[in-house]
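Peer 1: Quick one, fold the following:
(chains A and B)
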Amino acid sequence: MPRHTPDPGSGISRRAVLHGAGVMMALPWLESLAPTAKTYVAEVFPKRLAVLFMGNGINENHWSAEGAGAAMKLSKTLSVLEPFKQKVNVIDGLFNKAATGQGIHPAQTGNLLSGAQIQKGAVIRSGVSIDQLIASHVGQETPHESLVLSCEQPMTGYHETNFSLAYSSHISWQSPHSPVPVEVYPSLAFDNLFENRSSVRNISVLDRVKDRAQTLTTKISAVDRAKLDEYLTSVREVETRVEKMRQSKDVADDRAKQTNTSVFAMERPANGLPEDLRDHARLMCDIIALAFQTDRTRVASLLLARDLSAMYYPFLGVTDGHHAASHDNLSDGYERVARFHLSQFSYLAQKLDSMSEGDETVLDNSCLMFLSSLWIGRTHDNSRLPLVLAGGLGGTIETGRTLSYLGAGDDNRRMCSLYLSLLDRIGIEADHFGDAEAPLARL
Amino acid sequence: MRRSRFWRGIVLAALGGGMLASPGLAAVQSTAERGFTETVQPFVRQHCTGCHGGASPVAQFDLASYGTFEAVVEDHARWELVMERLDAGEMPPAGQPEPPREEREKVITWIREMRDAESRRRAGDPGRVLSHRLSNAEYSYTIRDLTGVDLRPTREFPVDPANLEGFDNSGESLTMSSSLLTKYLQAAREVSAHLVLTPDGLDFAPHPMRVETDREKYAIQRIVDFYRQQPTDYADYFEAAWHYKHHDVLPQVGATLESVATERQLSTKYLLLVWQNLEGSVTEEVGPIATLRRMWHALPPPDADGAETLRTECLRMRDFVVEVRRHTAMQFAAPEVDGLSPWSQPLINWKYDQFASHRREFDRTALRQDSDPEPAPPEIPGYPRLGEEAAPRARALQLRARAGSSDLVVPDGELARYERAFAEFANVFPDAFYVSERGRFYPDDSADKGRFLSAGYHNVMGYYRDDQPLQELVLDDEGRVRLDRLWDEFDFIADYTGRTWVQYFFNQSGEVHCDARGGFQCRESGSNRPSDAKVSATSVILELRDAYLAKATENLTNDPIAPEAIQVHFHKVDDTLRRVERMRVDAEPLHLEALLAFAERAYRRPLTTLDGEDLLAYYRSLREVTGLSHVEAARDSIVSILMAPDFLYRLDLVDAMSAPNAAPRPAAGRPADAVEAHALSPYALANRLSYFLWSSMPDAELLDHAADGSLLDPGVLVAQARRMLKDPRVRGLATEFAGNWLEFRRFEQLNSVDRLRFPGFDGELRQAMFEEPVRMMEDVLRQNRSVLDLVYGDYTFVNPTLARHYGMPQGAGDETVWVRVDGAGRYDRGGLLPMAAFLTQSSPGLRTSPVKRGFWIVRRILGETIPPPPPSVPELPADETTSTRSVREMMAQHRENPMCAACHARFDAFGLAFEGYGPVGERRETDLAGRLVDAHAEFPGGASGEGLAGVQRYIQEHRQDEYVATLARKMLAFGLSRSLLLSDEPLIEQVQATLEDQAFRIGSLVETIITSPQFRNRRNPDVQLDPVRGE
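Peer 2: Next comes the predicted model:
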């Protein structure tokens, strides 16, 4: 059933893709000036991508799946996927070559979504991550290019391996030199989603310079006034465009009405950081769900627990901090930690699945990815990565499968091949990404 | 018809809207008018309009359209062409009936007189210089000079259109649109992302400041740079001391220690200390002091020719000091507390404190008396593991290194004396002046370093300052203040103490709540979030301190110093956090002042009270109404300044820009009956000058001269110009003026070369080709060389890439190293003409184009106007290798057609002479098909010559005046930011005369332009000019 969104990125060469990524991401506020085309052709819905990440790996004894469709058998940790397993792909055996052999932790995380070689020492250098590359293409269509959230404050400084701890704290990178700032506060993420502050700020600047120009008009000769008029006209035109953008919130509501669904009612989260991680993670997932449903963005990433996380799980009966606990990752406690994080993914997926969009759901038009940086925490083994996808990405990914690439040979089990596939399914032309030049077979 | 009228409209606009009513000249005009109707019009009708008229006039030049005298005056430039063509006998072309000589002369004379009369009548007219937005180039340079960071925000801007003179710096062509304004908004946002608020002002970082790591990188780099700039090499001090010692015989009579230190960029106070240690009285002249003094006295005397020996010996002295200090440096470990790791922040910081505060002391246990037995070699513990103390290994390595060092063995019974000597020695020679980077551990013997300022905490951020000896021994008061300030800025900008505290609180402080077993797991947990206070509150800090104190005193085997270490740590954190809070409060008003100062610089004129109030009101509304934070509001204020017309436009305000004493000033240096004009305000003049010479904003010195009005004095104006021409920013003029004049401004984007056929042509070579004429022009400007050098100069500038391309010997260094090559004629280079950039951009891929090359020379260098070719010209083959005849032969055939010959005869020769250069400007003997090339040329007027030298000689002997006039015109048009008027002709003549008088120095050209009435005045805006006619 071909049901593709008109593709904003097709026909663009790889060079333009990469170039574009650098430029657009350097100017993330640009989103607010993009034209708003919000008249939806019936049955054509946008494709979305969300990446949920937990650092430090899972309990490998309880992470497995076999079979397909209704017959899919899920192990203990993966059991949280049971209710919607037909919309899930459990993918085993992929890895990120550039993240191996460089040292543990930060060097295993900072390039997870880019496959880039990262640099140790005082200079930070990674690569543009897949979510941000996609955002730079599809982000013009929405008020926000992407939503980059975290349940944990980022770290800086250095790890013992001499890699910056910034690599441990960020999976979304807008340029090789700079990660995307993460939003940790649910209340601020919520406000920003709806207040559209960048538009408000641009309007304020334009208002001011308009006043400025009018003041000047009295101080210049008649001949020069014509030049200033030209400027004023331009200011007014831009202002009108930005103003339209600002009002686009209503459009999202209109659209929900047209399609006969109600927008998920979420109350504004309280100020400050939620005391309990469970509340925090849930709020962040709600914000992503809301953003996807109202098409305020199509790309999101959520760092549930960063690499070297110091999160606390007293509610799981685990007394150690997350990273410390991961060194005993075969423990029941650590299994609960992994299951807790995967259940956030499950929550978000089911939330999106409850939002209908045409005959299907928002989940059907999205791809959610759950990913960790390690397979085995106690040995820092990242030769394979825990990975779950959910959602059919607008009918471009068949779901309800378990795919294993373990025996396929290193060249055929690259994470970057998966990213290349995602680019393709979203409709962005690229012949290579990171270390991959071919998409992932069988996906 | 439409086309012609349109074109005339443009010229009219450029002329400034037509003529002034000037009744006194009516008589002259009527004679001239009669001449037009009685002589010129009949001639034109008979001999010209047959081709240059009708529906599709030849060369798109319609002579039938000039119905009135005024129409001719308005379009004087074209009529100059008519005159030239008639004079040269080129028109009417061969084959057409020839007009009688006498009639022809009459018309020529009429045109000449018309031009003379008109140009003198309005000589010095400033013309209409429209206010205009900054061009892309001007915007980019101005942002650079305003922020101190070369951001080049216009990379993605559309290319600016050029005016009739080919320059993109005038209101005639620079317009604004909403899409461009959007780009300005993006650019302003990009610039504002680089904003850094400092404790007392604002600055711009070389990279955007978006995330924590950006802010840390910025602050850390500044500290590390500061450290690296400090003179801390002992050898330099020994050498300086030697120079002082021998200053009587060296050419430094009268030198003092201070003057020697200053001259050698060393610390005066430290040189005094070193001197004292080498020459002054010391408590005990034994041990290392005695050894060092022996080496000192053994330095070669000044009469020996031994500068090299001196340096070598000073380096040996340094190595001696460094080794003794390495062997005797004090070592410390973190206090041991049961249940806490030695990596626990309060404990490891105590260790760092000890290191930092004992660098000028020595380890007494390092000394051994003669009779003492040599200590057994220590066992070296393995490289420490996570959470282990690094001290035992560092200590063992030090002990092993000491073994066998005779410097540490003292005579029996003299230990006390030696200890005093070692103490004095260590006091002057610290074991390190500062620590700018650490490895995994401290001390760390691995090569894996590079963490700037890192404290080496486990899995959380942390930095540690260790530079006490540098402060005490090397830095003067100013340096100390500066260094303290840099560290304060680190806190202020990157909040490093605050963020370290928060990370420590949530990720590590759980260690103190663990039971006595402690261990690895406990270290990576945090304390519970306080419910009633911020984590950084004093009460929270002290509460945690107390938990540590309890832990430290819980067990009698704990190091008794631990409680003090804990007190010091927590109080330091608390004090710093409180101090940073106060700094933030104190800084806000200073930031507002800095914003005002920024606006003043951005507007390039004094801020009026109203301007200032307006900006502050905007900031307040951002805080109070929009709800932005201080930093966000400051950023948006910057954006609004950069978006304001005051910044984006070169406006000439009627009142605000005038100097205080100035009502409209009488125009400078103008003939009495000239057009109404008044002098520019000093600020407008400063802007005009700096955008002429730098394509950028005025600097502080220039604005000072605007502020006191002195810039209006031509002497001051010229002095400023001379200063500015020597400034590196004159590269703006070299690039923007020469780049547009000679049409290579966009060469960096040139993509017409077939890189498969010319694999040597890569991005680096293209960049070097672009750079060559810029370097040449910059050199001529900065060194005030002759403008003739541009054409005849037997030198050029190359980097290794270009040298390779030119077959010149390659100098050392990378592609950033440019050298002047004299005697470039040996390689068939020299001056602008044979530069690869020009030869390449004129070549359509796989062949040369003598037509384009020749056209470029006569048009750009000699200033000829050649009409466009008819639409039906045959194309030459695109590839030399596939054509049966040479380009030269094909062109010869082309010229057999008289219609073509009239023009081609004027420029083909210049291109043919360059046939010895291939499609990427490379020297060649044969063309791509293997035919021998022939660089012989018959120039207009019958002279002939060969190659570069032939062209240069021909220009020198026959066309030099034209070249000089062309350069003068082009530079005048660029400097005035407008197309030229007939009334500029007398100034052009004056410029040429001055150049000849002053050995053609380019400075005289610039000076004549900037002191001209055109440059220093503007048309009186109140004068109503005749409405534009002709449209």
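
Peer 1: what number of residues lie near residue B:531?
Peer 2: If you count neighbours by other CB atoms under 10 Å in any protein chain shown, residue B:531 ends up with 6. All C-beta atoms are positioned from the backbone trio N, CA, C, and that covers glycine.

Peer 1: I'd like to check which residues are in contact with it.
Peer 2: If you count contacts by CB atoms under 8 Å, 6 or more residues apart in numbering or on different chains, residue B:531 has them with residue A:275.

Peer 1: Using the three-state scheme, assign it.
Peer 2: When classified by DSSP: H, G, I helix; E, B strand; the rest coil, residue B:531 comes out as coil.

Peer 1: What helices and strands are in contact with the host helix or strand of residue B:484?
Peer 2: Here residue B:484 sits within helix B:477-494, counting by DSSP states H and E. Applying 3 or more CB pairs under 8 Å, 6 or more residues apart in numbering or on different chains; DSSP states H and E, we find helix B:477-494 packed against strand B:195-198, helix B:212-229, helix B:496-507, helix B:562-603.

Peer 1: Touching, residue A:227 and residue B:129? I think so.
Peer 2: No: assessed by CB atoms under 8 Å, residue A:227 is found out of contact with residue B:129, at 11.2 Å.

Peer 1: what's around the residue in the stretch 701-850 of chain B positioned nearest to chain A, how many residues?
Peer 2: Proximity of the stretch 701-850 of chain B to chain A (CB to the nearest CB) peaks at residue B:751, 13.0 Å away. When counting by other CB under 10 Å, one arrives at 6 neighbours for residue B:751.

Peer 1: Leaving out chain neighbours, which residue sits closest to residue B:66?
Peer 2: Closest residue to residue B:66 apart from its sequence neighbours, by CB to CB, 6 or more residues apart in numbering or on different chains: residue B:72 at 5.3 Å.

Peer 1: Would you mind giving the secondary structure of the one you found?
Peer 2: helix.

Peer 1: Also residue B:270?
Peer 2: With three-state DSSP as the criterion, residue B:270 was assigned helix.

Peer 1: swap in residue A:301?
Peer 2: Residue A:301 ends up strand, using three-state DSSP.

Peer 1: Thought residue A:112 was touching it, still the case?
Peer 2: No: under the criterion of CB under 8 Å, residue A:301 makes no contact with residue A:112, lying 10.6 Å away.

Peer 1: Common neighbours of those two, please.
Peer 2: A:53, A:129, A:171.

Peer 1: now the strands for the stretch 51-200 of chain A?
Peer 2: With DSSP state E, counting those that start in this stretch as the criterion, the stretch 51-200 of chain A has strands at A:65-66, A:73-74, A:88-92, A:147-150, A:173-175, A:178-179.

Peer 1: quick one: strands adjacent to the longest one?
Peer 2: Sheet pairing for strand A:88-92, assigned by DSSP bridges, gives strand A:387-390 (antiparallel), strand A:401-404 (parallel).

Peer 1: so which of these gets nearest residue B:746?
Peer 2: Checking the strands paired with strand A:88-92 against residue B:746 by CB to CB gives strand A:387-390 as the closest, at 47.1 Å.

Peer 1: Where does pLDDT dip in chain A?
Peer 2: Residue ranges of chain A with pLDDT under 70: A:1-43, A:195-196, A:245-264.

Peer 1: residue at max distance from the center of chain B?
Peer 2: In chain B, residue B:371 marks the outermost C-alpha relative to the chain mean, sitting 66.4 Å out by CA atoms, centre = their mean.

Peer 1: can you pull the pLDDT of residue B:306?
Peer 2: Listed pLDDT for residue B:306 reads 73.

Peer 1: what's near enough to touch it?
Peer 2: residue B:300.

Peer 1: any idea how far residue B:540 is from it?
Peer 2: 65 Å (CB to CB, to the nearest Å).

Peer 1: And residue B:1001, its phi and psi?
Peer 2: phi -70, psi 140 (degrees, to the nearest 10).

Peer 1: do you know how far the nearest residue to it once chain neighbours are set aside is from residue B:695?
Peer 2: Of all residues not flanking residue B:1001 in the chain, residue B:784 sits nearest, at 5.2 Å (CB to CB, 6+ apart). From residue B:784 across to residue B:695, the span is 19 Å (CB to CB).

Peer 1: With neighbour numbers in mind, choose between the two.
Peer 2: residue B:695 (26 against 16).

Peer 1: Now do the SS call for that one.
Peer 2: The three-state label given to residue B:695 by three-state DSSP is coil.

Peer 1: hang on, the earlier thing: take the strands of the stretch 51-200 of chain A and lay them out in a markdown table including distance to residue B:526 and mean neighbour count.
Peer 2: Compiled in a markdown table, the strands of the stretch 51-200 of chain A are given as follows (distance: least, CB to CB, whole Å; neighbours: other CB atoms under 10 Å in any protein chain shown):
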| stretch | distance to residue B:526 | mean neighbour count |
| --- | --- | --- |
| strand A:65-66 | 35 | 18 |
| strand A:73-74 | 33 | 16 |
| strand A:88-92 | 34 | 24 |
| strand A:147-150 | 17 | 27 |
| strand A:173-175 | 27 | 27 |
| strand A:178-179 | 23 | 24 |
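
Peer 1: Which of the ones you listed sits closest to residue A:49?
Peer 2: strand A:147-150 (10.9 Å).

Peer 1: Which strands or helices does that closest one pack on?
Peer 2: By 3+ CB pairs under 8 Å, 6+ apart, strand A:147-150 packs against helix A:186-195, helix A:277-293, strand A:299-305.

Peer 1: List the contacts of it.
Peer 2: A:169, A:172, A:180-184, A:189, A:193, A:284, A:287-288, A:291, A:297, A:299-303, A:306.

Peer 1: and it, how far out from the chain's middle?
Peer 2: A distance of 7 Å separates the centroid of the chain from that of strand A:147-150, by CA atoms, centre = their mean, to the nearest Å.

Peer 1: Skip the chain neighbours and tell me the closest residue to the residue positioned nearest the centre of chain B.
Peer 2: Computing the C-alpha centroid of chain B and ranking residues by CA atoms, centre = their mean puts residue B:150 first, at 6.3 Å. Leaving aside its chain neighbours, residue B:150 sits nearest to residue B:144 (4.6 Å; criterion: CB to CB, 6+ apart).

Peer 1: Could you report the neighbour count for the residue of the stretch 401-550 of chain B found nearest chain A?
Peer 2: Relative to chain A, the nearest point of the stretch 401-550 of chain B is residue B:461 (2.9 Å; CB to the nearest CB). If you count neighbours by other CB under 10 Å, residue B:461 ends up with 26.

Peer 1: Doesn't it lie inside a strand?
Peer 2: No: Residue B:461 is assigned coil when assessed by three-state DSSP, not a strand.

Peer 1: mind listing what it touches?
Peer 2: By CB under 8 Å, 6+ apart, residue B:461 lies in contact with A:155, A:156, A:157, A:158, A:165, B:216, B:496, B:499, B:500, B:503.

Peer 1: Residue B:841 now?
Peer 2: B:743, B:744, B:747, B:750, B:752.

Peer 1: Which one of those sits in the busiest neighbourhood?
Peer 2: Among the contacts of residue B:841, the one with the most neighbours (other CB under 10 Å) is residue B:744, at 25 neighbours.

Peer 1: For chain B, which helix or strand comes out least confident on mean pLDDT?
Peer 2: Least confident helix or strand of chain B, by mean pLDDT, DSSP states H and E, is helix B:2-15 with a mean of 35.
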